[in-house]
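> Here is my input, please return the structure:
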Amino acid sequence: MPITKISHFFLSLSILFSIFFLLSTLASSSSSSSYIHAQPSGKTRSLYSEILRDEAVERLYELGKVSDSDGYLERTFMSPASVRAGLIIREWMEDAGLRTWVDSMGNLHGRVEAINASAQALLIGSHLDTVVDAGIFDGSLGIISAISALKVLKSNGKLGELKRPVEVIAFSDEEGVRFQSTFLGSAAVAGVLPVTALKISDKSGVTVQDALKGNSIEIAEESLLQLKYDPASVWGYVELHIEQGPVLEWLGFPLGVVKGIAGQTRIKVSIRGSQGHAGTVPMSLRRDPMAAAAELIVLLESLCKHPRDFLSDCGNCNEFTIESLSSSLVCTVGEISTWPSASNVIPGKVTFTVDLRAIDDVGREAVLYELSNRMYQICDRRSVSCIIERKHDANAVICDPELSSQLKSAAYGALKRRIGEIQDEVPVLMSGAGHDAMAMSHLTKVGMLFVRCRGGISHSPEEHVLDDDVWTAGVAMLAFLETHM
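Next up is the predicted model:
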């Protein structure tokens, strides 16, 4: 699929950053699609397709029917559907030979011990919650692929040959829909969830603590702190997830290795001017916050498209930082509101949000500094007031080179076993979206594997992964586990 078609179909700048990054780091081959889309032979169809493809796909669709709403998929933290989904996944874990339990943050665990009981554990996970009107693959694919791979080892009588314990975790909350606080599940396990999170309320006034108690899970400050895993007991964390972007599809690869997860800052910009009649105030006398907001948004777009042009005098920015920003920086205005919001009134106040992401934290801070200074200058020139508030910050996460190398080898091996010889390297991507791996990076080294999704669409019922790509992901997860035997 040509880039122009993709860029017209997907307006998000985050998509563009992924494509530009890959174009700068991968040598693409005109023959790659023919290799990756080649029909598998009868021999490759024996790669445990009944478990890694047929059963896995069946389970994805079964879980996709477990919803709190009629007509669309919705599972939020400790909702009835989330609890039902957890019970189903628990049965699948036990079917694969795992010992299971639910912790005091509602996370579901399935674990198999190793020959060496004192060895550090490999954690594999993703989330069982969803957004509203969700697709069936986001989160669920990572959980099911891991369980399926372990089931293959059990069916082969090799589950007991693992040299380290393996634990699959279905995290109770990643999306943050119900309580507007992401990573409740994984942050608790990583030990970075503040105790104040227990008192966060949803729209109905129910707190996190209440939601857990309503499902017979008692949690207090002390028990929350006890959820944190001992870093010395953990070898690493791996997460398989749909890409949620179009790059793998464009390149013709089912799988890609994640190099890192972009850091993120969200700011709120509030501009106040002089409210007035649309027909009586001359243009030269207006202090219009809407016009100012428009100029600020165009400034944001220009800065994020061409950071080098704006940061030439940045004292903290070396060439590496500038180059990193040029390939990874994305900025989005996702919300804008006006007051009083009438067609015949010059607004008195305009508010908009900015979501800014980059893999280089120093560069992200430099962009924010430059952006803020230029925004204040524009507002001063237009005689309007401007307040810039930082609402959220998350540092970038760089995936562990050792884990990434193992995952890349596993992905390459899976492609070779499924399709035959391939001439191109497995793609290496940046993730512009947040994942549980961000929280788990505070506990241990992390690695991620992306799976191609149709059109790059996610957080939508149109989200789709080919059955054979589910199979390839399962073969890759199996290959990765086999390196730990």
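
> Can you point out the buried residues in stretch 54-73?
Glu55, Ala56, Val57, Arg59, Leu60, Leu63, Gly64, Val66, Ser67, Asp68, Leu73 (16 or more other CB atoms under 10 Å). Quick note: C-beta positions are derived from backbone N, CA and C, even for glycine.

> now what about that stretch, what contacts it?
Here stretch 54-73 makes contact (CB atoms under 8 Å, 6 or more residues apart in numbering) with 74-76, 79-82, 84-85, 88-89, 92, 128, 130, 132-137, 140-141, 144-145, 148, 461, 467, 470-471, 474.

> So which of the residues you listed are in strands?
Under the assignment DSSP state E, these contribute nothing to strands.

> want to throw the buried residues of stretch 54-73 into CSV with distance to Glu319, secondary structure and pLDDT?
CSV is the format used below for the buried residues of stretch 54-73 (distance: CB to CB, whole Å; DSSP: H, G, I helix; E, B strand; the rest coil; pLDDT from 0 to 100):
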residue, distance to Glu319, secondary structure, pLDDT
Glu55, 50, helix, 98
Ala56, 45, helix, 98
Val57, 47, helix, 98
Arg59, 48, helix, 98
Leu60, 45, helix, 98
Leu63, 47, helix, 98
Gly64, 47, helix, 98
Val66, 50, coil, 98
Ser67, 50, coil, 98
Asp68, 50, coil, 98
Leu73, 46, coil, 98
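
> Closest to Val428 out of those residues?
Set against Val428, the nearest of the buried residues of stretch 54-73 by CB to CB is Ala56 (25.1 Å).

> Not counting sequence-adjacent ones, nearest residue to that closest one?
Nearest non-adjacent residue to Ala56, counting by CB to CB, 6 or more residues apart in numbering: Ser148, 4.7 Å away.

> I'd assumed Gly474 was in contact with the one you found.
Yes - counting by CB atoms under 8 Å, Gly474 is a contact partner of Ser148 at 5.0 Å.

> Between the two, tell me which one has more neighbours.
Between Ser148 and Gly474, Gly474 has the larger neighbour count (other CB atoms under 10 Å), namely 31 against 25.

> Please determine how far that one is located from Val451.
The gap separating Gly474 from Val451 is 10 Å, by CB to CB, to the nearest Å.

> same check, this time on Ala119
28 Å.

> more crowded one of those two?
It is Val451, of Ala119 and Val451, that has more neighbours when counted by other CB under 10 Å, with 27 against 16.

> if we can go back for a sec, residue contacts, the residue nearest to Ala56?
Per CB under 8 Å, 6+ apart, neighbours of Ser148: Ile51, Leu52, Glu55, Ala56, Arg59, Ala96, Gly474, Met477.

> same question, Glu167
With CB under 8 Å, 6+ apart, Glu167 has these contacts: His109, Gly110, Arg111, Val112, Ala121, Leu122, Leu123, Ile124.

> of all the residues you listed, which comes closest to Arg272?
Distances from Arg272 to the contacts of Glu167, taken by CB to CB, are shortest for Leu123, at 48.8 Å.

> Show me the beta-bridge partners of the closest residue to the closest one other than its chain neighbours.
Using CB to CB, 6+ apart and skipping residues adjacent in sequence, the residue nearest Leu123 is Tyr237, 4.5 Å away. Legend: beta-bridge partners of Tyr237 under DSSP bridges are Leu123, Val446.

> The stretch 301-450 of the chain: strands as residue ranges?
330-332, 336-339, 345-346, 349-358, 385-394, 397-398, 428-431, 446-451 (DSSP state E, counting those that start in this stretch).

> Give me whichever of those is most buried.
strand 446-451 (a mean of 26; mean count of other CB atoms under 10 Å).

> Quick check: the gap between Ser337 and Ser343.
15 Å.

> and the residue lying closest to Met93 once chain neighbours are set aside, what does it touch?
Spatially, and ignoring its direct neighbours in sequence, Met93 is nearest to Gly110 (3.2 Å; CB to CB, 6+ apart). By CB under 8 Å, 6+ apart, Gly110 lies in contact with Arg90, Met93, Glu94, Ala96, Leu98, Arg99, Thr100, Ile147, Glu167, Val168, Ile169.

> With distance to Cys317 added, can I get those in a markdown table?
Putting these into a markdown table (distance: CB to CB, whole Å) gives the following:
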| residue | distance to Cys317 |
| --- | --- |
| Arg90 | 50 |
| Met93 | 48 |
| Glu94 | 53 |
| Ala96 | 49 |
| Leu98 | 48 |
| Arg99 | 50 |
| Thr100 | 49 |
| Ile147 | 45 |
| Glu167 | 41 |
| Val168 | 42 |
| Ile169 | 38 |
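
> Just the endpoints, please. Distance across stretch 124-133?
Stretch 124-133 has an end-to-end distance of 26 Å (CA to CA, to the nearest Å).

> Can you point out the buried residues in it?
Applying 16+ other CB under 10 Å to stretch 124-133 flags Ile124, Gly125, Ser126, His127, Leu128, Asp129, Thr130, Val131 as buried.

> Model confidence for the fifth one, exactly?
Note for Leu128: predicted pLDDT of 98.

> In stretch 232-244, which residues are buried?
Buried, per 16+ other CB under 10 Å, within stretch 232-244: Val234, Trp235, Gly236, Tyr237, Val238, Glu239, Leu240, His241, Ile242, Glu243, Gln244.

> Same check on stretch 293-301?
Ala293, Glu295, Leu296, Ile297, Leu299, Leu300.

> Any idea how far stretch 194-213 is from the middle of the chain?
24 Å (CA atoms, centre = their mean, to the nearest Å).
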